[in-house]
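Student: mind folding the following:
(chains A and B)
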Protein chains: 2
Amino acid sequence: MLERKGSILSVREDIKVFDCTIRDGGLVNNYHFSDEFVKANYEACVAAGIDYMEIGKNVSPTVMSEDEYGPWNFCKEEDIRRIVGENNTNMKLAVMADVGRTIKEEIPLKSESVVDMIRVATYIHQLPEAIELIEDFHAKGYETTCNIMAISKSFDDELDQVLEQVSKSNVDVIYIADSFGSFYPEQINKLTEKYLTVAKSVGKKVGIHAHNNLQLAYANTLEAMVYGTSFLDVTVSGLGRGAGNCPMELLVGFLKNPKYKLTPVLKFIEEYIVPLEKELDWGYSVPYMLTGKLNEHPRPAMKARDEGNTQYVKFYNKLTEEYS
Amino acid sequence: MLERKGSILSVREDIKVFDCTIRDGGLVNNYHFSDEFVKANYEACVAAGIDYMEIGKNVSPTVMSEDEYGPWNFCKEEDIRRIVGENNTNMKLAVMADVGRTIKEEIPLKSESVVDMIRVATYIHQLPEAIELIEDFHAKGYETTCNIMAISKSFDDELDQVLEQVSKSNVDVIYIADSFGSFYPEQINKLTEKYLTVAKSVGKKVGIHAHNNLQLAYANTLEAMVYGTSFLDVTVSGLGRGAGNCPMELLVGFLKNPKYKLTPVLKFIEEYIVPLEKELDWGYSVPYMLTGKLNEHPRPAMKARDEGNTQYVKFYNKLTEEYS
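Tutor: Numbering: from 1, shown residues only, chains lettered A, B, ... in the order given. Below is the predicted model of the structure:
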């Protein structure tokens, strides 16, 4: 059994608040954020004491179209620098690499980039390729993470095997990702124990990336944190695909370390998120709750929301049709 | 330390799902629900296997005006029977008594009423009067609960004293009420231990009534439940004052007892809640988050929402003005 780390009033220096507003939010609008929006998000994060900001993905423009997707799907060095300059702040910058969409030969050395960390998102079956990417980025001088997706669908001891392999790599942080927003706090507790046991034995950290399908993103993040997880993913107002993520304002409002400031987050919300809420749809709703409960990808729920479909009984019946 | 009771897949026969949609939701619209709405809520609850439905308050019409408040603030016997007849179902009916607003001499004997349970809501300083009400209702044949409000503001050992007194009464259920939506799961865990220790020693049950200011209503309800709390308050779509309550659809979607059915809840939502959302405002938002974080009554947040005020920085600064 894990021990609680710290108390409700203590400061935990190991905690890193990780903003992924642009990266996860970009899944809602195909990364078409204006420079003004991204810069305001960056400045809010710096002022709020956020530890890392993930500014997008480093997908190759040879794989996805720059006509269809905005600049933050590709994160070219010149685009990032247009926002952050040399990033002379205490906040580190991250981008996410997608296995199969990021081409490692296109990624510069850390010494030539303003990016500090590359997070590698992988499905279980892509693990060998993910580890190739991690080793390449590590050798180039970046901090790295491995975000293993869709673990709620992993069978038998697959996850143990994955963790064993990842633990042998040079990765710095291993992420518990609740891709479908289907985990309950007591399951997050067990996962935290499993990940921390592996990670601690090889001197790595553990992170959590939660989704809000069951209104549990924040609670699951707290549960993982209380028992020793240190990298905590958040987005402003939970902006993110489907039911969204753990809201930055809730976590920053909770943490007792005086370096974290709530006011810059509130300012960004009132100036940039309130107008955005009229354009984009994200956050908890019944269709996302149903895909979360059923441990399914939110795709059908995203379609229902797009179509303004509130025939929830029909939607649920369709989701639960038998495939025996 | 408390032990977990049951597992994520087990059926706990002690659990009672308690609907307070009309009673807590009535705080949003001064109890002006149509008979059609209340009847549809009642029928949805019966079909969903809900154990108790609280149909309103039994405030005296001599204390609050029937011009200003709808029938479910008063719950006259004839109004209730117009909806439920003799309530020949497996679901029990409840009403809430407010200390200072309910006049015990106006409450009939259980044998003359279709109501099964009266819940007594009390602030700590009203406890002696609350116990008078509880004993009166108990003597008349009702099941009773004591819902101690605003405990997050109780000082020193006040709560222990209250629990000691309540434990000596004839009340059946003692409620953990998170009136300001300010508790974190680890605090609910400690409260659960405190309440259960007292309650078990005298053969009483414990319940939980959570608010969603910090997006923790459901998580806090699960936390209390996992460690042995058995009466679980919910409202459909979280309908309730301010940030609202623990959503029925989430809890019913989680519980493994086959008597609970999700489809009737979804049907009620699509037919009655979707239109209501265009008329009434409730549920998580930044102002409620801020009052919850500061452990304050949601009143200023309700005002901000009424006025469409999204100047969150100013609002937060005002809430945190010093009163030293």
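
Student: near chain B, which residues of chain A?
Tutor: By the rule C-beta under 8 Å from any C-beta of the partner chain, the part of chain A lying against chain B is A:4, A:8, A:184-187, A:212, A:214-220, A:222-223, A:226, A:247, A:249-250, A:253-254, A:262-263, A:266-267, A:269-270, A:274, A:286, A:289-290, A:293, A:310-313, A:316-317. In short, each C-beta sits where N, CA and C put it, glycine included.

Student: now, these that are in strands?
Tutor: Using DSSP state E, the subset of the residues of chain A next to chain B located in strands is empty.

Student: need the buried ones from those residues selected in ChimeraX.
Tutor: The buried residues among these can be selected in ChimeraX (16 or more other C-beta atoms under 10 Å in any protein chain shown) with this line:
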select /A:184,185,212,214,215,216,217,218,219,220,222,223,226,247,249,250,253,254,262,263,266,267,269,270,286,289,290,293,310,312,313,316
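
Student: where do the helices of chain A begin and end?
Tutor: For chain A, helices defined by DSSP state H occupy the ranges A:21-29, A:35-48, A:77-84, A:127-140, A:158-167, A:185-201, A:217-226, A:248-254, A:263-268, A:274-276, A:286-293, A:299-306, A:312-319.

Student: deepest-packed of those helices, please.
Tutor: Most buried of those, by mean neighbour count (mean count of other C-beta atoms under 10 Å in any protein chain shown): helix A:217-226, with a mean of 27.

Student: what packs against that one?
Tutor: Using 3 or more C-beta pairs under 8 Å, 6 or more residues apart in numbering or on different chains; DSSP states H and E, the elements in contact with helix A:217-226 are helix A:185-201, strand A:205-209, strand A:231-234, helix A:248-254, helix B:185-201, helix B:217-226.

Student: would you turn those into TSV with mean pLDDT and distance to residue A:15?
Tutor: TSV is the format used below for those (pLDDT from 0 to 100; distance: least, C-beta to C-beta, whole Å):
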stretch	mean pLDDT	distance to residue A:15
helix A:185-201	96	14
strand A:205-209	98	10
strand A:231-234	98	7
helix A:248-254	98	9
helix B:185-201	96	16
helix B:217-226	98	20
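
Student: ok, for the residue of the stretch 201-324 of chain A found nearest chain B, nearest residue in space, not its chain neighbours?
Tutor: As assessed by C-beta to the nearest C-beta, chain B sits closest to residue A:219 within the stretch 201-324 of chain A, at 3.1 Å. When the adjacent residues along the chain are set aside, residue A:219 lies closest to residue B:219, with 3.1 Å between them (C-beta to C-beta, 6 or more residues apart in numbering or on different chains).

Student: which ones are touching the one you found?
Tutor: Applying C-beta atoms under 8 Å, 6 or more residues apart in numbering or on different chains to residue B:219 gives the contacts A:185, A:215-216, A:218-220, B:185.

Student: could you measure from it over to residue A:260?
Tutor: For residue B:219, the distance to residue A:260 equals 21 Å [C-beta to C-beta, to the nearest Å].

Student: point out where chain A drops to low pLDDT.
Tutor: Applying pLDDT under 70 to chain A flags residues A:1, A:322-324.

Student: could you list the domains of it?
Tutor: The record assigns chain A these domain ranges, following automatic domain parsing: A:16-276, A:286-319.

Student: as TSV, those domains with distance to residue B:24 would be great.
Tutor: Below are those laid out as TSV (distance: least, C-beta to C-beta, whole Å):
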stretch	distance to residue B:24
domain A:16-276	17
domain A:286-319	19
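
Student: now do the contacts for residue A:191.
Tutor: Counting by C-beta under 8 Å, 6+ apart, residue A:191 makes contact with A:151, A:176, A:183, A:224.

Student: you'd agree the second one is up against residue A:205?
Tutor: No: Residue A:176 is not in contact with residue A:205 according to C-beta atoms under 8 Å; the separation is 11.5 Å.

Student: those two: which is more packed in?
Tutor: More crowded of residue A:176 and residue A:205, by other C-beta atoms under 10 Å in any protein chain shown: residue A:176, with 25 against 20.

Student: so what's that one bridging to?
Tutor: Residue A:176 has these beta-bridge partners by DSSP bridges: residue A:148, residue A:208.

Student: same check, this time on residue A:119
Tutor: Those that pair with residue A:119 in a beta bridge, by DSSP bridges, are residue A:96, residue A:145.

Student: number of residues surrounding it?
Tutor: Residue A:119: 30 neighbours (other C-beta under 10 Å).

Student: surely it meets residue A:145?
Tutor: Yes: Residue A:119 is in contact with residue A:145 according to C-beta under 8 Å; the separation is 4.3 Å.

Student: between those two, what contacts are shared?
Tutor: Taking C-beta under 8 Å, 6+ apart as the criterion, residue A:119 and residue A:145 both touch residue A:175.

Student: for chain B, what's its nearest residue on the stretch 1-150 of chain A.
Tutor: Per C-beta to the nearest C-beta, residue A:8 is where the stretch 1-150 of chain A lies closest to chain B, at 6.3 Å.

Student: for that residue, which residues are in contact?
Tutor: By C-beta under 8 Å, 6+ apart, residue A:8 lies in contact with A:256, B:184, B:186-187.

Student: which one of the residues you listed is nearest to residue B:132?
Tutor: Using C-beta to C-beta, residue B:187 is the member of those that lies nearest residue B:132, at 30.3 Å.

Student: nearest spatial neighbour of the closest one, skipping sequence neighbours?
Tutor: Spatial nearest neighbour of residue B:187, excluding adjacent residues (C-beta to C-beta, 6+ apart): residue A:8 at 7.1 Å.

Student: gap between that neighbour and residue B:184?
Tutor: With C-beta to C-beta as the criterion, residue A:8 and residue B:184 are 7 Å apart.

Student: ok so, going back, ok, which pair from the contacts of residue A:8 is furthest apart?
Tutor: A:256 and B:187 (14.3 Å).

Student: count the neighbours of the nearest residue to residue A:150 once chain neighbours are set aside for me.
Tutor: Nearest non-adjacent residue to residue A:150, counting by C-beta to C-beta, 6+ apart: residue A:179, 4.7 Å away. Neighbourhood size, residue A:179 [other C-beta under 10 Å]: 22.

Student: residue A:179 touches residue A:147, doesn't it?
Tutor: No: counting by C-beta under 8 Å, residue A:179 stays clear of residue A:147, with 9.2 Å between them.

Student: circling back to that earlier point, pipe the helices of chain A into TSV and attach distance to residue A:233 per row.
Tutor: Formatted as TSV, the helices of chain A follow (distance: least, C-beta to C-beta, whole Å):
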stretch	distance to residue A:233
helix A:21-29	8
helix A:35-48	13
helix A:77-84	20
helix A:127-140	18
helix A:158-167	18
helix A:185-201	13
helix A:217-226	8
helix A:248-254	9
helix A:263-268	15
helix A:274-276	19
helix A:286-293	17
helix A:299-306	20
helix A:312-319	27
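
Student: quick revisit: out of the contacts of residue A:191, who's nearest residue B:91?
Tutor: When the contacts of residue A:191 are compared for distance to residue B:91 (C-beta to C-beta), residue A:183 wins out at 31.2 Å.
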